[in-house]
Structure formats: C-alpha cells, structure tokens
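> no FASTA, just this:
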C-alpha cells in the first residue's frame, strides 16, 4: 500500500524484570514494515493496551502463558485497521483487535487477531477496554465465577480501574449492593459518582476493616479480588457464609518469587464454607461474543460507563506498566499512535 | 428403669483452652441420672466419639457453632441405646446416635438425637466413624466439593485417619489415583495396605515436595486438606489446572487467634484456575441418609475399610483430643463405656 510508511517502531523487551517491569526493561527499535506473503495481513495499530497482566507475561516464573523473550516485541493487545490483506477473511479497512504487540504495524497470518470489530458505532478504543479483555474479564468473573444473587454484597478491589469499574456496574445490574476499594479520594469519588458503587472505601486512609464492617453489615458475599495483600486480608476476615472470592489479579504483590507471607486463609474458608477461585478470562474464549454483545448493549444504553486514560505516542509504552502499578492512571490506560 | 444406675459420670469443660484442649481443661463429675419427663428419652451411651473438630467447639474464637460453656458437659457425638422413653418416636432398645455428650447417660427431648441406627447388622461403633460424621464428611467432601473425575490424582492429608482413609477409598471407587500424606512409616504402611492408596508419603521425613512431584507427575487435581500448614503449602505448589482444594480441617495449626502466617495462595489459584472451598458436612444434613446408605453398602461389600482405636472407660476422655492432635491413634478414636 502506498500509505504504509517504511518504518515500524516497536517496543521490545530488553531485560527480564524481577517484579514490576520498569521503563528500562524495554527499548524502542525502528524496524521496517515487511512485505506480506500470501495468507498474511498487515494491520496498522491505532491503540495499544497496557494491562496489569503484562507483569506476568514478562516474568520468568511459571505462569499461564509463555514469557515474552528478550529482544521480542512486547506482547500486547492492540486495535487497528487492516491496511493490506492477502488473507481471505480480512479486507482493507477492517477494524480488528488482537495480540498485535506494542508496535505501529503488525504482520500476521490471522492467528494474532482475536476478532474483527463489529461494534463500529462505538469508539475503536473500547475494544481494548470495556468491550475488550477488561469488560470480558469483569463479565465472566463476576457473573460466572462470583455467581451473585440479588441482594448480595459485592466488594471489588481496584474498583475505579478498568476491570473493577465494570465488575461493580455488572454486579449492580445483577441486583447487588456494591462496595468499592480504591486508593485516594479522587478514585473513591469516581467509584460512587461514575460507577454507581453504593459505597467506596479509600484503602489508603483510616481503618479499612472498620469501614468494611460498616459498609457490609451482613458480611461480604462476593469479593472480586484484583490486588491480594493487606486489602484482601481485611475483606477475607469479613466473608459471609457461602461467600465466593474471585481471584482475578494480584496487583498489590510486587513479586511472587518467592511467594510473600500473609495470614493463612483456610480457617475463614472453612468456617464460612466459602470458596476462593482463581480465574482467567481466556478460559471463557468460546463465549467472548456473548459477553461483548451484552457489554456493548449496556454501553449503548448508558448502563455501563467507562473511563479511558489515553497517552499519545509509542514512547509512553516502556514506563506504562510501572505507572499502572503505581495507580497513577484514572481509567483504562491506552497508548494512541495516531488520530 | 431398674437397670439405670443412679450415677451419671460426665466430662465437663473446666477451663477454656487457647489452642488444643488438654486433659486439664476438663473434669469428670458425678451427676445423678434425672427422671425423664413427658416427651423425653433416656439414652445410655455405649461409645463416645473424639473429633478434631472438638478444638473448635471449645474455642472462644468465632466459629461455626456456639462454644461449649464452662461447666457444661463436653459436646460430643455418642452412640447408645434407649433405656427409657416417654417420646413417641423412640422405644426401649432403639440404637441411636447424636450429640449426646461425653457422659454415660443423656436425657433429651429428641433434639440431640441425629438418627435412629438402621444398620443393625453392622457394629454400633461404626455410627461414630465410617458410617457417622467421618464417613459422611469424606463422602460429601470428596464427591460433592472435590468433584473427582476418573483418572484424577487425589491427594489427602491425615490419610490414615478416620476421614482421610475414607476419602482415599471413595476417590479410588471414583476411578482416581490416590496419594496419602501421613506421619510415620506405620501410618503410610496402613494407607497403602489397608486403604488402597496408590502412594503414601511420610511427611515427617525427606523432601515432601519432591515426593509429591514424583507421585503426582501430572499435578494434583483434588487436594482434600485436613491439616493446613506446611504440608498444604507443598501440595498447593503442585496443583494441576482446574484443581479443587477441599478445606475440611486445619489440624496442623495450633491456634487461629491470631491466624498464623503462610505463603499467599492467590497466585497458585490464579495461574492454575484452581479453587479452594471450605466445607462443613453439616451443610449436607438433608442428604445424610443417602451417604450412610451408600457407605454401609461399601462396608458390607468390603470396598470401604475402616480402623478403630478404642479406649475403655470415660477417664480417657479428657486427654483424648490432645492425643488425637499428637497423632497417637491409629484409626477412629472412640471411648467405650461398657461392653
């Protein structure tokens, strides 16, 4: 294509971090955009995603996916448009999303593309957030794993974040009372005003256990856990009988090699006949279309709100994961490559 | 009744232990056998049960049942026969079991009786073990909570004990490969020879993690946890994808006030999409008859074996819980009051 520039800026993994990846673990490299072969497609990325899960993707510790190799383009979800296609399923102009990497252009045989975007009435960027893995994670995590019943008290950590904010709103749609945990008054304010949480607790001030007890007088029926650590310890001490704890992420733990110590959970689980379930959205891949259709409907109806925090330029990628873990973003963190 | 002696020896709680109850926390008192009123029944206890759960029953820490009060008869399961009845549902000579207490005689309006024993072809003592709460706990814990599939690897802690030995055999009947954890060569020998475990690991010697890895080459699909503590930490590190951890007891932890520290479990559960479920047999009370009928059938067919460790005389009660936690018994610990 005449519109394809010759240079493809890529963010590659330079060194393997132990713990949270920092800017110095990556480098920006200028590669050329290769010609595509038969059966391949060239995608120009418009938005690159930043996820807490990226820490796991570059970790050497046994994990649920193969670690990104040193010198490889950083694994990342991205959304863009097809600029050249020699693949029967894709045509120039198609909007697509998938594991297209932290780079300006991606060449793929189609295997990296998760999905052709059908919701073209909605912003493309949503396919990386509320209509992407964040929304999908919230949908299956709270509804299938958490199994909320109307009247249940649902507590969510990182409640102002991309997953947590969707969890709270979906639980609310399911008839639950929702309590969000977030860091600082700005985020707790957003939880209540934008994401309809019935209560929001700032875990950085005061006595979290006392605040939880006040906001969850009948105990916690569902805890959607994005953090692990001290916040979770406080919630686990207040489970209701039959509670479900959905382990979605462990953002508060800097390194699992070796696993950090914490108060043992067995007695809480036994006495309360509660369960803790680890959960990966990937295991629900066969039902993604169901989730996206439902989420998109809720977005169109104004019943599911979202926030985006967009930085312009690929140079923001290397430091973006660390920034996420410092909790500096307000809403889904995205890197926009061009308007 | 002319056969009822005037004295009822009772074991009462004298002081509240912090941790495992010792002999000095109880006293043996001679009470009189009261006359029964209309609607009441007098039971002569033949066997008194000793359970790990008794630690919880006398603990001041919030628990799943009201703590036994100081000066009260120790809560205990017992099996005996009705010696006097002014209750329409019970006749002299009926064999019964229930929460009849650590005492020679119990007077009840029927509410303490769990069940009239139908399996009169089998020894009465079984109603406190393999056909009682131990067998019932194993049945629902492994089949309903653990949900084993044929070919699964099922690991059991306290595998030579009253619950663990039944868990292993039921898992085996369900087509699983069974690996028992027990303390010392006598118990591991019993696991393999009497209870058909495919492998048994002595957690008191050698490297438990290495032994588990060797005996569970495809990881652990179901872990039936009676212990918590270091043994469980080793098992949790080797869960298979989709594993189920059944939390039935926490025998290795001396006190939960405050909860002891241990390696955090969230990452194992997340990466392996595993679940940990606390479980109390009481929640399956509406299905006890189903379990007992099935267990009795397996006992009659010789497919479910059991061991009893019987001490004669109520004076063995006070020290019996501590003895259980020291692992000194081989088989279900019972106190026989008379032959």
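On my side now, so go ahead. Remember, predicted model here, so these are calculated numbers, not experimental data.

> close enough to count as contact, residue A:325 and residue A:53?
No: counting by C-beta atoms under 8 Å, residue A:53 is not a contact partner of residue A:325; they are 11.7 Å apart. The way it works is simple: take the backbone N, C-alpha and C, and place the C-beta from them, glycine included.

> In this structure residue A:310 contacts residue A:123, no?
No: Residue A:310 is beyond contact range of residue A:123, at 10.6 Å (criterion: C-beta under 8 Å).

> Report the contact partners of the nearest residue to residue A:307 once chain neighbours are set aside.
Nearest residue to residue A:307, sequence neighbours excluded (C-beta to C-beta, 6 or more residues apart in numbering or on different chains): residue A:331, at 2.8 Å. Counting by C-beta atoms under 8 Å, 6 or more residues apart in numbering or on different chains, residue A:331 touches A:160, A:162, A:165, A:306, A:307, A:308, A:309.

> chain center to the strand or helix carrying the third one, what's the gap?
Think residue A:165. Applying DSSP states H and E as the criterion places residue A:165 in helix A:162-173. Distance of helix A:162-173 from its chain centroid, counting by C-alpha atoms, centre = their mean, to the nearest Å, is 13 Å.

> averaged over its residues, what pLDDT does that helix have?
For helix A:162-173, mean pLDDT is 97.

> which helices and strands does it pack with?
When contacts are defined as 3 or more C-beta pairs under 8 Å, 6 or more residues apart in numbering or on different chains; DSSP states H and E, helix A:162-173 packs onto helix A:133-140, strand A:153-157, strand A:177-182, helix A:185-193, strand A:220-225, helix A:288-300.

> now what about stretch A:55-64, what contacts it?
Residues outside stretch A:55-64 that contact it (C-beta under 8 Å, 6+ apart) are A:13, A:16-21, A:25, A:65, A:67-68, A:74-75, A:256-257, A:280, A:282, A:321, A:325, B:270-271.

> Mind checking which of those residues are in helices?
A:321, A:325, B:270, B:271 (DSSP state H).

> Would you mind checking which of the residues you listed is nearest to residue A:294?
Of all the ones in helices among the contacts of stretch A:55-64, residue A:294 sits closest to residue B:270, with 24.4 Å by C-beta to C-beta.

> Which pLDDT value belongs to the nearest residue to that closest one once chain neighbours are set aside?
The spatially closest residue to residue B:270, leaving aside those adjacent along the chain, is residue A:278, at 4.0 Å (C-beta to C-beta, 6+ apart). Here the pLDDT value assigned to residue A:278 is 97.

> do the same with the one 4 residues further on
The confidence metric pLDDT takes the value 91 at residue A:282.

> I'd say residue A:114 and residue A:79 touch.
No: taking contacts as C-beta under 8 Å, residue A:114 lies outside contact range of residue A:79: 9.9 Å.

> who touches both of these two?
The contact sets of residue A:114 and residue A:79 overlap at residue A:97 (C-beta under 8 Å, 6+ apart).

> Compare the two (neighbour count), which wins?
Legend: neighbour count by other C-beta atoms under 10 Å in any protein chain shown for residue A:114 and residue A:79, higher for residue A:79 (28 against 18).

> Which residues are in contact with the more buried one?
Taking C-beta under 8 Å, 6+ apart, one finds A:45-47, A:49, A:95-97, A:117, A:124-125, A:127-128, A:132 in contact with residue A:79.

> Secondary structure and distance to chain B added to those, as CSV?
Formatted as CSV, these follow (DSSP: H, G, I helix; E, B strand; the rest coil; distance: C-beta to the nearest C-beta, whole Å):
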residue, secondary structure, distance to chain B
A:45, strand, 28
A:46, strand, 31
A:47, strand, 26
A:49, strand, 20
A:95, strand, 31
A:96, strand, 28
A:97, strand, 24
A:117, coil, 28
A:124, helix, 30
A:125, helix, 27
A:127, helix, 24
A:128, helix, 22
A:132, coil, 20
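
> ok, of those, which one's closest to residue B:317?
Using C-beta to C-beta, the contacts of residue A:79 come closest to residue B:317 at residue A:132, 62.4 Å.

> separation between the closest one and residue B:304?
51 Å (C-beta to C-beta, to the nearest Å).

> Quick check: which of the helices and strands packed on helix A:162-173 is nearest to chain B?
Within those, the stretch nearest chain B is strand A:220-225; the backing value is 7.1 Å (C-beta to the nearest C-beta).

> now the angle between helix A:162-173 and the closest one, please.
On the basis of axes from the mean of the first three to the mean of the last three C-alpha atoms, to 10 degrees, strand A:220-225 is oriented at 160 degrees to helix A:162-173.

> Determine whether any part of the next helix or strand along the chain from strand A:220-225 lies close to chain B.
From strand A:220-225 onward toward the C-terminus, using DSSP H and E, the following helix or strand is helix A:229-236. Yes: against chain B, helix A:229-236 shows contacts by C-beta under 8 Å from any C-beta of the partner chain at residue A:232.

> How about the backbone phi and psi for the closest residue to residue A:37 other than its chain neighbours?
Once flanking residues are discounted, residue A:37 sits nearest to residue A:86: 6.8 Å by C-beta to C-beta, 6+ apart. Residue A:86 adopts backbone torsions of phi -120, psi 30, taken as degrees, to the nearest 10.

> which parts of the stretch 201-339 of chain A sit against chain B?
Counting by C-beta under 8 Å from any C-beta, the stretch 201-339 of chain A sits next to chain B at A:225, A:228, A:232, A:247-250, A:253, A:256, A:258-280, A:283.

> Among those, which ones are in strands?
Of those, the ones assigned to strands by DSSP state E are A:225, A:247, A:261, A:262, A:263, A:275, A:276, A:277, A:278.

> need the contact list for the fifth one.
Same thing as residue A:263. Residue A:263 neighbours (C-beta under 8 Å, 6+ apart): A:233, B:258, B:259, B:260, B:261, B:262.

> List buried residues within these.
A:233, B:259, B:260, B:262 (16 or more other C-beta atoms under 10 Å in any protein chain shown).

> JSON lines please, covering the residues you listed and showing distance to residue A:201 and pLDDT.
As requested, the buried ones among the contacts of residue A:263 are exported to JSON lines (distance: C-beta to C-beta, whole Å; pLDDT from 0 to 100):
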{"residue": "A:233", "distance to residue A:201": "14", "pLDDT": "95"}
{"residue": "B:259", "distance to residue A:201": "22", "pLDDT": "89"}
{"residue": "B:260", "distance to residue A:201": "27", "pLDDT": "93"}
{"residue": "B:262", "distance to residue A:201": "26", "pLDDT": "95"}
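
> re the thing from before, and the least confident of the ones in helices among the contacts of stretch A:55-64?
Lowest confidence among the ones in helices among the contacts of stretch A:55-64: residue A:325, with 88.

> Settle this for me: residue A:323 is touching residue A:333, isn't it.
Yes: counting by C-beta under 8 Å, residue A:323 touches residue A:333, with 7.4 Å between them.

> more neighbours, the two?
residue A:333 (25 against 17).

> what pairs with that one across the strands?
For residue A:333, the beta-bridge partners under DSSP bridges are residue A:309.

> Name all residues that make contact with it.
A:49, A:50, A:162, A:309, A:311, A:320, A:323, A:324.

> With residue A:80 instead?
By C-beta under 8 Å, 6+ apart, the neighbours of residue A:80 are A:43, A:44, A:45, A:46, A:47, A:95, A:96, A:97, A:100, A:106.

> right, and out of those, which lies closest to residue B:194?
Nearest to residue B:194 among these, with distances taken as C-beta to C-beta, is residue A:97, at 58.3 Å.

> Most neighbours out of the contacts of residue A:333, which is it?
In those, the most neighbours by other C-beta under 10 Å go to residue A:162, 32 neighbours.

> Show me what residue A:177 is bridged to.
residue A:153.
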